[in-house]
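**Q** requesting a structural model of the entry that follows:
(2 chains)
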Amino acid sequence: MLEIKNLCAGYNGTEIAHEISFTVSGAEILTIIGQNGSGKSTLLKTLSGLLPPLSGKIYIDGTDKENMSRNDFAKLVSAMLTDRPKTDMMTCQDVVETGRYPYTGKFGLLGTADKRAVAEAMELTDTTELSGCPFSETSDGQKQRVMLARAVCREPEILLLDEPTSFLDMHYKLTFLEMLDRLRRERNIAVVMSLHETEFAGKISDTVLLLKNGHCTGIGKPSELLSKKSLTEHFDIPDELYNKYHG
Amino acid sequence: MKKRIILSFALLLTLLLFFTAVSISAGSADISLTELIKILLGGGSDETAVMILLKIRLPRTLAAVILGGALALSGYMLQTYFHNPIAGPFVLGISSGARLAVALTLILSARGAIMLNSAIMAFAAFVGALAAMSAVLLMSSKIHSMSLLVVCGVMIGYICTAITDIIVNFADDSDIVNLRGWSIGTFSGMKNDSVIVCAIIVFAALTAVFCMSKPISAYQLGESYAVDMGVNVKAVRIAMILLSSLLSGCVAAFAGPVSFVGIAVPFLVKMLLGTAKPIVMIPATFLGGGVFCIISDMIARTAAAPSELGISTVTAVLGAPVVLIIMLRKNKDKENA
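**A** Down below sits the predicted model:
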């Protein structure tokens, strides 16, 4: 379970996301919806430990993140961010294996349990047949599935995803979300992600958080928050424009 | 995969042993192989042969292996640090910074200000390397283009070299006796006590780098992934800078500027291994650097015998084309992406 309380996030002392609070339990999906620059990525980076929180608290299963070692935190929380990994001469399996890092010993060699977790994750994400392929030569959709396998093979309790479906075509978008939906149920993973596609967010999420200029302007059930009225207001879209292309 | 790695290590070790033997036995004074083995085992009746072997050829050969390995490893660390395949101690001006610090130290010691020994030389070079590295780091925070960063490094190198030249010009000849020769770089004239100091520093650093192979593997993926994997990125960065400065400083102090080894060797070794995993790359790069420098040194002392070529002359001829290949490949990758 991930619980954040009055979290303020930003860079170099400049606050970008203000006083955000929410709780996500196992097998639940919370989706952050907001315009470009609203603070979604900053918030996710702070949750994953890439940025220190400016203020506020992050609790994992009731334990304050500040009281956890980096390695213990990494065992419980796994992130899939928008940066492309640098994968010089790595096969897809090599990339997935890096997900087991917090569990491996002094020299990073994988044990049998690690290997099994990697194989399972690749099975679940439909990437087994890619294992020997150079990562750099795979398609965007395949890369995204490999990165999901990497995040999942750690067997985390919490999964953070920043715009996981951007740059994917319709087929890959839908299969990716289907995979995510199945994984969180089967493995009881709490998911926090940001999505641009509000129609998908409405179908897959248990909770939606609307983020505007760094402020949470609404949190609750997708059916309530993703209505036409709410969306046009949230994204500053005139009614006629919404009706013409989206309605 | 495993098989290829084992074969690669076998190849590197064989080459290293073979060329070490050749390097020790070849030279203007012919020493037969049986004589060689006898002397190395502590026997040997010919006084001059013993002298030549133990006081001249052995330290020189060992220096080429140890310092060559150090240089290649230092290059590997810098490439990893900057995520840039053409970063290296020479092109980033770190070797020149080390050399400047050593020149200053030599002059101070000649004036009687400090007692000179190999350890102090190495320490001065380390400080100089760190200073030049700091300048590069300061620029890298402002410059995000990899090729521009290398250009800046080259400029830092020129500045340090120019200052060194000025200092040398104004110094008395007797002060800089020890500085001669290594404006072009050489493994000749290595004394046994210097080799021991080098060996201690370099093997300690090699061990430390090898023990860091796990966090380095995480760092390779990029900062955000390293953080996600639970790595203390700041600590890894500091350790990488200190260790690579120590290694390249050590080379600059004892052999002078040796170009392109730091860039060419890690690339060639990576191609040989077929993987960039640090746990195999670190020891293999070290061995590869040793092989590369021992061959270069043999060419340097035999190609134009009885006079000698500078070691950089040879390493540039062998290494610079490799750098060009790397840049062309990188360019191709960009076009494909």
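
**Q** low-confidence ranges, chain A, go.
**A** A:247 (pLDDT under 70).

**Q** regarding it, what is its longest helix?
**A** helix A:170-187 (DSSP state H).

**Q** what's the angle from the helix or strand following that helix to helix A:170-187?
**A** Proceeding N to C from helix A:170-187, the next assigned helix or strand is strand A:190-194, under DSSP states H and E. For strand A:190-194 against helix A:170-187, the angle by axes from the mean of the first three to the mean of the last three CA atoms, to 10 degrees is 150 degrees.

**Q** which neighbouring elements make contact with strand A:190-194?
**A** Counting contacts by 3 or more CB pairs under 8 Å, 6 or more residues apart in numbering or on different chains; DSSP states H and E, strand A:190-194 is packed against strand A:14-24, strand A:29-34, helix A:40-48, strand A:158-162, helix A:170-187. From N, CA and C alone the C-beta is placed, and that goes for glycine too.

**Q** and the first one, which strands flank it?
**A** Meaning strand A:14-24. Using DSSP bridges, the strands paired with strand A:14-24 in its sheet are strand A:2-11 (antiparallel).

**Q** export the helices and strands packed on strand A:190-194 to JSON lines and tack on mean neighbour count?
**A** As requested, these are exported to JSON lines (neighbours: other CB atoms under 10 Å in any protein chain shown):
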{"stretch": "strand A:14-24", "mean neighbour count": "17"}
{"stretch": "strand A:29-34", "mean neighbour count": "25"}
{"stretch": "helix A:40-48", "mean neighbour count": "24"}
{"stretch": "strand A:158-162", "mean neighbour count": "24"}
{"stretch": "helix A:170-187", "mean neighbour count": "15"}
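
**Q** nearest spatial neighbour of the residue of chain A found nearest chain B, skipping sequence neighbours?
**A** Nearest residue of chain A to chain B: A:Ala74, at 3.0 Å (CB to the nearest CB). With sequence-adjacent residues excluded and distances taken as CB to CB, 6 or more residues apart in numbering or on different chains, A:Ala74 is closest to B:Gly230, at 3.0 Å.

**Q** re earlier: run a quick neighbour tally on the residue of chain A closest to chain B.
**A** Neighbourhood size, A:Ala74 [other CB atoms under 10 Å in any protein chain shown]: 25.

**Q** repeat for the one 5 residues further on
**A** As a burial measure, the neighbour count of A:Ala79 was computed by other CB under 10 Å and equals 24.

**Q** which SS state does it fall under?
**A** Assigned state for A:Ala79: strand (three-state reduction, DSSP: H, G, I helix; E, B strand; the rest coil).

**Q** beta-bridge partners for it, please?
**A** For A:Ala79, the beta-bridge partners are A:Leu160 (DSSP bridges).

**Q** distance check, it against A:Met147.
**A** According to CB to CB, to the nearest Å, A:Ala79 and A:Met147 sit 10 Å apart.

**Q** same check, this time on A:Asp239
**A** For A:Asp239 relative to A:Met147 (CB to CB), the value is 38 Å.

**Q** between these two, who's got more neighbours?
**A** Using other CB under 10 Å, the more surrounded residue of A:Asp239 and A:Met147 is A:Met147, with 24 against 11.

**Q** that one contacts A:Val95, correct?
**A** Yes - using CB atoms under 8 Å, A:Met147 is in contact with A:Val95, at 7.4 Å.
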